[in-house]
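Chemist: predicted model and sequence follow; I will ask about them next.
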Amino acid sequence: MAFTPLDTVIVVAYLVGTLAIGLLAKRLLADISDYLVAGRGLGLFLGVATLAATETGTVTFMYYAQLGYQTGFAAFITGLISGLVMIAVGSTGFIIRRFRELELMTVPEYFERKYSRGLRVLTGVLVATGGILNMGMFLRVEGSFLVILTGIPFHFLKLAMTGILLIELLYTVVGGMLSIVVTDFIQYVALSVGTILVTIYCIAHVGWGAMVHAVSHQMGAAGFSPILNPTYGWSYILWQTILWTAVNTCWQTTAMRTMSMKSPELSKKVYGWTGVIFLGRGMLPMLWGIAALAVLGPHFNSMNAMPTLLAHLLGPGVKGLVTAGMLAATMSVNSSYLLGWSSIISQDIIGPLRQTPLSSKAQIRVNRIANLFVSGFILWWSLWYTLSGPLYLYLNLTATIFLSGTFAAVIGGLYWKRANLTGGYAAMIAGAAGTVGYFFLHLPATYSGFAAFGLAAAAMISGTWTGERFGARREAAHG
């Protein structure tokens, strides 16, 4: 069905309203704390909305739908793990409670407090590298979804990608976290409406029976069991559990929400409730992918299958609401990520390398310049890089570049008194090296993911032991 004038009015009204509200939030901006962590004043409902919105974008729906299209109902295991792990983190307060008590603004900031300024800078470099490469595929995927759903000719893809980026960049640079949090609430409502509408349409028009039959016919038992499916298995389940624990505690954009809460106890509640939302965040888009399999067959482009289905399925008005909801998801995630990675560059790389500290206004200015740099690189990378495998695995492994070492060093620093600087350096270097297998040696993602986290943990322990021995010998020599 064609994109009607009614659909266009809905989308334009949403974009104009969101942009205006985001820019108005600048009036509340006073210092760097407001800019990066919203003055640490978020309550329960706004905290849940902004955390759920910032980790649920069009790219999220696209990679989960791709998994559903390729692996059927077995893909549900990935959505279950992400939600259940977040609920567990919220109920225990693992890492997030300590982070909030320390009143941090970035994850690498902890490394200077526990280890050294040099390790903070190294961690900042790895976090920025992995995070920016991770975000590098967002614009192409989001632009593809937009042009397919709206019927815009594909040669306008680059223009659509640039337009999306400029809108997000404008209110993110101006208002920082305050603008993001205010608009996140609106975007979460629009996103929820769009998600519910698409799910209803898929089940009503495609039919549950047709989806089950398509998976059974194309994949057999492997389409229902993650143990039998060659994409998953027990090793995948264990790796994903470790990975999502690291994401929910040490991923910069997620951690920034922890650091923005009014109290440590409140951050735990926000994680618990958001974990429930994350269960649907993963499994509902997988249903859309399965519906696309039932309608389009198994030989369609797996990344474009879901938006192609929606372009033919959704009626006038509904298509506009869903497009607005997906744009809401896109803007929420991308603005948070832009702020997250630019804050790492300004606060954890540039700032620590200066001999004299920057004023709060100067920090905001540097952060805005870094935002522009990140945006330019992301646009270039989206146009240049070509995926060689599932989007979900690419995102997992780019995140692992820094998450594996960060996770090991943070756990060591918070919960192991013996953890020392040598162990911290060893963990960060070994974790980053572990991802080489996927990107350069073309090893399976599960193997590379395990290698990265395993090497980081082993390096943290052995590095700490080596540091102790070296320190003891040096003391004995000087004694």
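Modeler: Cool, got the structure. Numbers count the residues shown, from 1 in each chain.

Chemist: just give the nearest non-adjacent residue to Leu403, would you?
Modeler: Closest residue to Leu403 apart from its sequence neighbours, by CB to CB, 6 or more residues apart in numbering: Ala246 at 4.5 Å. (C-beta placed from N, C-alpha, C; glycine too.)

Chemist: low-confidence stretches in this protein?
Modeler: Across the chain, the ranges flagged by pLDDT under 70 are 1, 21-42, 168, 170-184, 187, 471-479.

Chemist: tell me which residues touch the residue nearest to Leu403, please.
Modeler: By CB atoms under 8 Å, 6 or more residues apart in numbering, Ala246 lies in contact with Leu403, Ser404, Thr406, Phe407, Phe453.

Chemist: quick check: Thr422 is in a strand.
Modeler: No: using DSSP: H, G, I helix; E, B strand; the rest coil, the assignment for Thr422 is helix, not a strand.

Chemist: any idea which element the nearest residue to it once chain neighbours are set aside lies in?
Modeler: Nearest residue to Thr422 in three dimensions, chain neighbours excluded: Gly467, at 3.0 Å (CB to CB, 6+ apart). Assigned by DSSP states H and E, Gly467 belongs to helix 445-478.

Chemist: pipe the contacts of Ala246 into a markdown table and attach neighbour count, secondary structure and distance to Ile81 per row.
Modeler: Formatted as a markdown table, the contacts of Ala246 follow (neighbours: other CB atoms under 10 Å; DSSP: H, G, I helix; E, B strand; the rest coil; distance: CB to CB, whole Å):
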| residue | neighbour count | secondary structure | distance to Ile81 |
| --- | --- | --- | --- |
| Leu403 | 33 | helix | 15 |
| Ser404 | 34 | helix | 17 |
| Thr406 | 30 | helix | 20 |
| Phe407 | 27 | helix | 16 |
| Phe453 | 25 | helix | 15 |
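
Chemist: residue nearest the centroid of this protein?
Modeler: What sits nearest the mean C-alpha location of the chain, by CA atoms, centre = their mean, is Glu55, with 5.2 Å.

Chemist: ok, the residue nearest to Thr422 - contacts?
Modeler: Counting by CB under 8 Å, 6+ apart, Gly467 touches Asn420, Leu421, Thr422, Gly423.

Chemist: returning to what we had before: dihedrals phi and psi, the residue nearest to the centre of the chain?
Modeler: The phi and psi values for Glu55, taken as degrees, to the nearest 10, are phi -110, psi 20.

Chemist: what is the burial count for the nearest residue in space to it that is not next to it in sequence?
Modeler: Spatial nearest neighbour of Glu55, chain neighbours left out: Thr254 (6.4 Å); criterion: CB to CB, 6+ apart. Using other CB atoms under 10 Å, Thr254 has 22 neighbouring residues.

Chemist: is Thr254 part of a helix or strand, or is it coil?
Modeler: Thr254 ends up helix, using three-state DSSP.

Chemist: likewise for Ala52?
Modeler: Under three-state DSSP, Ala52 comes out as helix.

Chemist: ok, Lys262 touching Arg100?
Modeler: No: between Lys262 and Arg100 there is no contact under CB atoms under 8 Å: 9.3 Å.

Chemist: more crowded one of these two?
Modeler: Counted by other CB under 10 Å, Lys262 and Arg100 do not tie: Arg100 has more neighbours, with 25 against 15.

Chemist: mind listing what the residue lying closest to the more buried one once chain neighbours are set aside touches?
Modeler: Leaving aside its sequence neighbours, Arg100 sits nearest to Pro264 (CB to CB, 6+ apart; 4.2 Å). Residues in contact with Pro264 (CB under 8 Å, 6+ apart) are Gly93, Ile96, Arg97, Arg100, Glu101.

Chemist: try it again at 6 Å.
Modeler: Arg97, Arg100, Glu101 (CB atoms under 6 Å, 6 or more residues apart in numbering).

Chemist: including secondary structure, could those go into TSV?
Modeler: Shown next, in TSV, are the contacts of Pro264 (three-state DSSP):
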residue	secondary structure
Arg97	helix
Arg100	helix
Glu101	helix
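
Chemist: and which of those residues is nearest Thr8?
Modeler: Here the nearest of these to Thr8, counting by CB to CB, is Arg100; it sits at 43.2 Å.

Chemist: do I have it right that the closest one meets Ser267?
Modeler: Yes: with contact defined as CB atoms under 6 Å, Arg100 and Ser267 form a contacting pair (4.9 Å).

Chemist: list residues touching both of the two?
Modeler: Residues touching both Arg100 and Ser267 comprise Thr258, with contact defined as CB under 6 Å, 6+ apart.

Chemist: now for Ala452, how many residues are close by?
Modeler: Residues lying near Ala452 (other CB under 10 Å) number 32.

Chemist: do the one 10 residues further on as well
Modeler: Ser462 has 15 neighbouring residues, counting by other CB under 10 Å.

Chemist: tally of neighbours for the nearest residue to it once chain neighbours are set aside?
Modeler: Sequence neighbours aside, Ala426 is the residue nearest to Ser462 in space, at 6.8 Å (criterion: CB to CB, 6+ apart). Neighbour count for Ala426, taken as other CB under 10 Å: 25.

Chemist: which SSE is Ala426 in?
Modeler: Using DSSP H and E, the element containing Ala426 is helix 421-434.

Chemist: next one: that helix to chain centre, how far?
Modeler: 23 Å (CA atoms, centre = their mean, to the nearest Å).

Chemist: go on, stretch 50-58?
Modeler: Centre-to-centre, stretch 50-58 and its host chain are 8 Å apart (CA atoms, centre = their mean).

Chemist: kindly report the same for stretch 85-99.
Modeler: With CA atoms, centre = their mean, you get 17 Å for stretch 85-99.

Chemist: can you check stretch 139-158 too?
Modeler: Its chain's C-alpha centre and that of stretch 139-158 lie 21 Å apart, by CA atoms, centre = their mean.

Chemist: endpoint to endpoint, that stretch covers what distance?
Modeler: Stretch 139-158 has its terminal residues 9 Å apart, counting by CA to CA, to the nearest Å.

Chemist: next, the buried residues of it.
Modeler: Buried residues in stretch 139-158, counted by 16 or more other CB atoms under 10 Å: 139-150, 157.

Chemist: which members of the residues you listed occur in strands, if any?
Modeler: Among the buried residues of stretch 139-158, no member falls in strands (criterion: DSSP state E).

Chemist: could these be laid out in TSV, adding distance to Ala311?
Modeler: Shown next, in TSV, are the buried residues of stretch 139-158 (distance: CB to CB, whole Å):
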residue	distance to Ala311
Leu139	20
Arg140	18
Val141	16
Glu142	15
Gly143	15
Ser144	12
Phe145	10
Leu146	11
Val147	10
Ile148	6
Leu149	5
Thr150	8
Leu157	15
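
Chemist: of all those, which comes closest to Leu353?
Modeler: Distances from Leu353 to those, taken as CB to CB, are shortest for Leu139 (29.7 Å).

Chemist: from Met326, how far out is that closest one?
Modeler: Distance of Leu139 to Met326, given as CB to CB, to the nearest Å: 14 Å.

Chemist: mutual contacts of these two, please.
Modeler: Taking CB under 6 Å, 6+ apart as the contact criterion, no residue touches both Leu139 and Met326.

Chemist: helices of the stretch 101-250 of the chain, start to end?
Modeler: Assigned by DSSP state H, counting those that start in this stretch, the helices in the stretch 101-250 of the chain fall at 107-114, 117-135, 138-150, 157-205, 208-219, 234-250.

Chemist: if anything else comes up later, I'll come back, but that's it for now.
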